[in-house]
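Asker: with the input below, show me the fold.
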Amino acid sequence: MGQLGQFFQYTAFANLTIGNILMILVGVCLIYLAIVREYEPMLLVPIGFGILIGNIAFHPGLQIGVMESGSVLNYLYLGVLHGIYPSLIFLGIGTMTDFSAIISNPKLILIGIATQLGIFSAYLFAIHLGFTPSEAGAIGIIGGADGPTAIFLSSRLAPDLIAAIAISAYTYMALVPLFQPTFMKLLTTGKERVIRMKPLRTVSQREKILFPIAGLLLTCLLVPAALPLLGMLFFGNLLKESNVTKRLAETAKGAIIDIVTILIGLTVGASAHAATFLTVKSLSIFVLGLVSIVIATVGGVLFVKIMNLFLKEEDKINPLIGNAGVAAIPGSARISQVIGLKYDKTNHLLMHAVGPSAAGVIGSAIAAGILLSFMF
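Answerer: Below you'll find the model as predicted:
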């Protein structure tokens, strides 16, 4: 009986808390959204299952938890803590991104810059709520709707908040199709929604090759702190556009990004343990994350409307692509396309919306580099 009692002390049932049960329900909810509702399943399935793993209560000292030094999960989590996984994901994103839209129409870059308003607005709100400047900077980056960037920055500025920030960023990336259309419709008129943009010009192969080289030099000479992200992004894009490294590009956008997505989702989810996750700070982070993405969406749409005041009639931009500056690539660009087709079934906005979306990825990484430069 004594041995049975000792065995029971090592089971999860003996160490389970109400918090663990609540977090397990959160994990199940994310898995439900991913599988049944199909909200970003590639992200939410690993994160949801990671939350289940992280909240299986165990007796201290077994070296199995993600935060226990020497455990398998802890070694895998080092890729999050040291910014390895985000950089590898940016490599894959680079091989999947076509910058032709912003090469053809550089004005679209400004939309991606405008949506970074959400990042700095959330930073100010977080400071007002009592977060430290470093914590506020890490929280603000959620406004870019870019999970890897959020993880990279929080690993430097606020390691204790990585789980809440990462899960918030990835959750809102998955849910942008739910709330972005509402603000896009509220802020635009019927006439604006059917604006037809000029077809993009054909971009030469030479331009596509020169862009990642010039992009790296222009951005990272200005903000070197963004080098781990932008360096990998532009390197991946060069692998894609050079046409002589197709096998490397295929590996980066296939096997590498799939493996890293699994590891980053699983380990970030596992780090969301009830004892550290169910706090007032975590709740505040989720609220600030939503506010920042809403502000980013509104800022992008309104910025396009302001731009149109100074553009010739034939050069006007459809404000429905303003939301795409939020870097939830390619989800935000698809939203522009879907909403645009509702009002004109022959007006395809996707290729134009990809421009602000790609610019948003670059812009959020630059914003992260700026925040890191001032606060690290």
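
Asker: going forward, measure contacts between C-alpha atoms and count neighbours the same way
Answerer: Will do.

Asker: model confidence for Phe8, exactly?
Answerer: pLDDT for Phe8: 67.

Asker: who's in contact with stretch 152-171?
Answerer: 43-44, 47, 80-83, 86, 134-135, 137-139, 141-143, 145-147, 150-151, 268-269, 271-272, 277, 282, 285-286, 289, 368, 372, 375-376 (C-alpha atoms under 8 Å, 6 or more residues apart in numbering).

Asker: if we go to 6 Å?
Answerer: 81, 83, 134-135, 138, 142, 145, 147, 151, 268, 271-272, 282, 286 (C-alpha atoms under 6 Å, 6 or more residues apart in numbering).

Asker: out of these, which one sits closest to Val326?
Answerer: Distance to Val326 across the contacts of stretch 152-171 (C-alpha to C-alpha) is lowest for Ala145, with 6.0 Å.

Asker: tabulate the contacts of stretch 152-171 in CSV, adding columns for pLDDT and secondary structure.
Answerer: As requested, the contacts of stretch 152-171 are arranged in CSV below (pLDDT from 0 to 100; DSSP: H, G, I helix; E, B strand; the rest coil):
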residue, pLDDT, secondary structure
Leu81, 91, helix
Gly83, 90, coil
Ser134, 93, helix
Glu135, 93, helix
Ala138, 92, helix
Ile142, 86, helix
Ala145, 65, coil
Gly147, 84, helix
Ile151, 92, helix
Val268, 92, helix
Ser271, 91, coil
Ala272, 90, coil
Ser282, 89, helix
Phe286, 90, helix
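
Asker: from those residues, pick the one nearest Leu73.
Answerer: Using C-alpha to C-alpha, the contacts of stretch 152-171 come closest to Leu73 at Ser271, 9.4 Å.

Asker: pull the contacting residues for the closest one.
Answerer: By C-alpha under 6 Å, 6+ apart, the contact list for Ser271 reads 54, 163.

Asker: quick check: the gap between it and Gly265.
Answerer: For Ser271, the distance to Gly265 equals 10 Å [C-alpha to C-alpha, to the nearest Å].

Asker: same check, this time on His352
Answerer: 30 Å.

Asker: same check, this time on Lys253
Answerer: Per C-alpha to C-alpha, Lys253 is found 17 Å from Gly265.

Asker: one more: Phe234?
Answerer: 24 Å.

Asker: now Ile141
Answerer: Ile141 is 18 Å from Gly265, by C-alpha to C-alpha.

Asker: and what of Phe13?
Answerer: Noted for Phe13: a distance of 26 Å to Gly265, by C-alpha to C-alpha.

Asker: swap in Gly48?
Answerer: 8 Å.

Asker: ok, now Gly363?
Answerer: Noted for Gly363: a distance of 23 Å to Gly265, by C-alpha to C-alpha.

Asker: could you do Gly355 as well?
Answerer: 27 Å.

Asker: settle it for me: which of the two has more neighbours?
Answerer: More crowded of Gly355 and Gly265, by other C-alpha atoms under 10 Å: Gly355, with 30 against 24.

Asker: ok, that one - contacts?
Answerer: Counting by C-alpha under 6 Å, 6+ apart, Gly355 makes contact with 101-102, 108.

Asker: tell me which element it is part of?
Answerer: helix 350-375 (DSSP states H and E).

Asker: go through that helix and flag the buried ones.
Answerer: For helix 350-375, the neighbour count (16 or more other C-alpha atoms under 10 Å) marks 350-372 as buried.

Asker: also stretch 28-44?
Answerer: Those buried within stretch 28-44 under the rule 16+ other C-alpha under 10 Å are 28, 30-34, 39-44.

Asker: go on, stretch 318-327?
Answerer: When burial is assessed from 16+ other C-alpha under 10 Å, stretch 318-327 yields the following buried residues: 318-327.

Asker: next, the contact list for the nearest residue to Met232 once chain neighbours are set aside, please.
Answerer: Closest residue to Met232 apart from its sequence neighbours, by C-alpha to C-alpha, 6 or more residues apart in numbering: Leu91 at 4.6 Å. Each residue near Leu91 by C-alpha under 6 Å, 6+ apart is listed here: 232-233, 236.

Asker: what's downstream of whichever strand or helix holds Leu91, the next helix or strand?
Answerer: In the assignment (DSSP H and E), Leu91 maps to helix 84-96. Later in the chain than helix 84-96, the nearest helix or strand by DSSP H and E is helix 100-104.
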